[in-house]
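> I need the structure of the sequence given here:
(2 chains)
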Amino acid sequence: MSHTVLVCDDAIFMRTMISDILAQAGFEVVGEAETGSQAVEKYRQLKPDLVTMDIVMPDMGGIDAVREIVKQDPDAKILMCSAMGQQALVVEAIQAGAKDFVVKPFQPSRVLEAVQRVLG
Amino acid sequence: MDLSQYAELFLAESREHLSACNQLLLDWERAPANPAPVGGLFRAVHTVKGMAATMGYARVTDLAHRAENLLDLVRRGARPATDDLLQLLFRARDGLEHAVELSVAGREDEIDVAEVVADLDGAAAALAGVRSGARPTATPGPAPEVAGPITPGRLVQVTLRAEAPLKGGRAVLALKKARSLGEIHDVTPPEVAFEAEDFDGRFSFRIGGAAAPGDIERVVRSAGDVEHVTVGGEERRPAPEAPGPSGAGTPDARTRHIRVDLGRLDGLMDLIGELVTVRGRLNELAAERRDPAIDDVAIQVSRLSSELQAEIIQARMTPVWQVFDRFPRLVRDLARELGKQVAFRVEGKEIEVDRAILDELGDPLLHLLRNAVDHGIESPADRKRRGKKPEGEIVLTAVRERASVAISVRDDGRGIDRAKVLARAKREGIVDAHAEALTDDQLLRVLARPGFSTAEAVTSVSGRGVGIDVAMTRIRALGGSLDIRTEAGKGTTFVMRLPVTLAIVRALIAGVGPERYALPLTYVAETVEFGVQATTIVEGREAIVLRDRVVPLVHLRRLLGVAGDPPARWPIIVLEMGDRRSGIVVDGMLGQQEIVVKGFDAPRGTLPVFSGATIMGDGMPALILDAGGLV
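Sure thing, here's the model as predicted:
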């Protein structure tokens, strides 16, 4: 059975790209969210095996979304998607409960490595 | 790496930790305001988690992790025990045991702990909510723990790949993962430096706990982008880990131990057994030859093999707490289930018996304890009405007596209603219709009949009539005996007596007809010789009077159906088991010697008086008489 993924990013481009990388590797993208609050809501509904989470999103940021999701499910597996220069934010996200992170621009191999680490 | 070879070790060690958890939970339940046991619980669960993760038992690891999460929150909050929390932790412990056993058995698929996992997470989330509400600041302050001795542990140095982006994030991830193995200290550079963009990807820390260097490296590497990890030796031995089961008799953490498969010891014992047999033959030869040189060697071989034997028996000795330690929990659970209040005490935990006997003790004791809780101890209301404390008492005691160990289960409950047992025994034709009272001994014989139960209602606990007879059968198979003392309104005590070791025992060799029989000295009180005329008849049984005590006789010749006439004067071996005595009449006494006890599967229909067989010095077999069956 393939793992289910919820992809959270405010950019359609990024969502599409991440979805493609994961779909080609055999994952099932079951939902997408473009804000932090959507991410929390969809996590509740979909209970995915994995969440990819952008840090900066409107409405509710990725880090707050991580906190909310982990409160619901302390074992939630969340992979942060960050940009260069977001060192402090990544550290905060990990302290909030994110399990790993990848840095844009994405290389498919590195995304998949990180996903394996998170699901491993 | 093939991990299967470590499965047994994992199982043994996990069981120890989980047994310790039981004890700690019971301690906590007794003194809910004292959070001291929580630290021990946390460490025990944490250790199980680390081991399970190494074995690749994901479901054990996961469950342990969640339990650990909750315990961590409880520990940090220094929260008192509530009934709900204790129940949940007991369930989590049981779930872990279940998951560990199934994982080792290769049946991980069958593990069913979803419910307890959900409850653990729920409780943890509730606690975490309380905590963050109480402390709204983003950075948690230092954990309100009593500063214990600092244990620097191993130095771990990490270099991240040069091309890795956001090295600070990677470093924080690595530290977070390392924390799952032990306390982290001395992070260099300080963690705030990881948030700076110019962090160069080299950092170090010290990790406490017992994790192996390989495990530490693996966990650090799992953070990703790790170029290089060095794990140093331990700077200082960590302070002794969570003490095991509390109380006397726990092994000293500083004595050095290795684990040996019991099968090895059994094998060694068999070999020594053969050596003892050959030694016997050598002694006989030496006696025949009357050659001082051979004599000399024979004496030395005797001495050495005796020492070897003593050592190996000692190595098999195991303190009874290894079996007793699961009973406090069991009694507690039973008492709760039955609405009884029971204070349970264990005495003589440090008494040692042969591992093989200890392994067989669990079941009989379980039956006796169940009986005590279910039938012995009255309900709190009932007790008050009788002017007793509402809380009943059950005491499990081990005492060393000469060559045997006496283990008793005493309760201060209602005692056994002799009149009721007598009436029922008469109805079922077990005793003579004219009998007016039952002695303790007769009472036990009646109670021990398969299917006999005085319980008015069958509960899930006992009362199906498979209590005493199961215990009795098992104890007898070990060459032991069971006695009962009971007084209406005051309570009941069951005492089981068992040999200290099963493997090699000193025995009296008796001749009956052409055969030799061995009688372990454990229960031999003395030997006497009587002429035919000295016997009397007491209560329909032939007996002798020995120092004003009546000792009923058992004629082995008759019992075994040996034809021919016994000698004119009878040697009599007086056996003593608790308060009971019996004189075994044999043809001749052939001396004492050490015999190696071999298991014995008696064919159906065999008299229930043999407990095993042995090989004599001349290579011929002899049957071992079971004192319990003769007294």
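> for B:Ala123, list the residues it contacts.
B:Ala123 sits next to B:Leu70, B:Asp84, B:Leu85, B:Leu88 when contact means C-beta atoms under 8 Å, 6 or more residues apart in numbering or on different chains. C-betas here are computed from N, CA, C, even on glycine.
> which element is it on?
Assigned by DSSP states H and E, B:Ala123 belongs to helix B:114-134.
> and that helix, which residues are buried?
For helix B:114-134, the buried set under the neighbour-count rule, 16 or more other C-beta atoms under 10 Å in any protein chain shown, comprises B:Val116, B:Val117, B:Asp119, B:Leu120, B:Asp121, B:Ala123, B:Ala124, B:Ala125, B:Leu127, B:Ala128.
> which one of these is nearest B:Leu282?
For the buried residues of helix B:114-134, the residue nearest B:Leu282 by C-beta to C-beta is B:Val116; the value is 61.5 Å.
> got the contact list for that closest one?
By C-beta under 8 Å, 6+ apart, the contact list for B:Val116 reads B:Leu63, B:Leu88, B:Arg91, B:Ala92, B:Gly95.
> ok, so of those residues, who is nearest B:Arg418?
B:Arg418 lies nearest to B:Arg91 out of the contacts of B:Val116, by C-beta to C-beta, at 41.4 Å.
> so that closest one versus A:Val118, what's the distance?
Distance check for B:Arg91 against A:Val118: by C-beta to C-beta, to the nearest Å, it reads 29 Å.
> what about those two, which has more around it?
Neighbour count, other C-beta atoms under 10 Å in any protein chain shown: between B:Arg91 and A:Val118, A:Val118 has more, with 20 against 16.
> and B:Asp417, how many neighbours does it have?
For B:Asp417, using other C-beta under 10 Å, the count is 14.
> check the spacing between it and A:Val66 real quick.
67 Å.
> any stretches of chain A with poor pLDDT?
By pLDDT under 70, the weakly predicted segments of chain A are A:1, A:85.
> which residues touch the most centrally placed residue in it?
Most central in chain A under C-alpha atoms, centre = their mean is A:Thr52, positioned 1.4 Å from the mean C-alpha point. Contacts here follow C-beta under 8 Å, 6+ apart; on that basis A:Thr52 touches A:Val5, A:Leu6, A:Val7, A:Cys8, A:Asp9, A:Ile18, A:Leu22, A:Ile78, A:Leu79, A:Cys81.
> tally of neighbours for the second one?
Right, A:Leu6. Residues contacting A:Leu6 under the criterion other C-beta under 10 Å number 25.
> if I look at it, how far off is B:Arg410?
According to C-beta to C-beta, A:Leu6 and B:Arg410 sit 62 Å apart.
> ok, for whichever residue of chain A sits closest to chain B, nearest residue in space, not its chain neighbours?
Ranked by C-beta to the nearest C-beta, the top residue of chain A for proximity to chain B is A:Val90, at 3.5 Å. Nearest non-adjacent residue to A:Val90, counting by C-beta to C-beta, 6 or more residues apart in numbering or on different chains: B:Gly169, 3.5 Å away.
> hang on, the earlier thing: element containing the residue nearest to the centre of chain A, please.
Element membership of A:Thr52, judged by DSSP H and E, is strand A:50-54.
> just the C-alpha atoms of that strand, please, in PDB.
What follows is strand A:50-54, C-alpha atoms only, in PDB (Å, rounded to 0.1, in the frame of the first residue of the first chain):
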ATOM      1  CA  LEU A  50       3.200  12.300   5.400                       C
ATOM      2  CA  VAL A  51       2.900  16.100   5.200                       C
ATOM      3  CA  THR A  52       5.100  18.400   3.200                       C
ATOM      4  CA  MET A  53       4.900  21.900   4.700                       C
ATOM      5  CA  ASP A  54       6.000  25.200   3.300                       C
END
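> what strands flank that strand, and is each parallel or antiparallel?
Note on strand A:50-54: by DSSP bridges, its sheet partners are strand A:4-8 (parallel), strand A:78-82 (parallel).
> other SSEs contacting the next helix or strand after that strand?
For strand A:50-54, the following helix or strand on the C-terminal side (DSSP H and E) is helix A:62-72. In terms of contacts (3 or more C-beta pairs under 8 Å, 6 or more residues apart in numbering or on different chains; DSSP states H and E), helix A:62-72 is packed against helix A:36-46, strand A:50-54, strand A:78-82, helix A:87-96, helix B:114-134.
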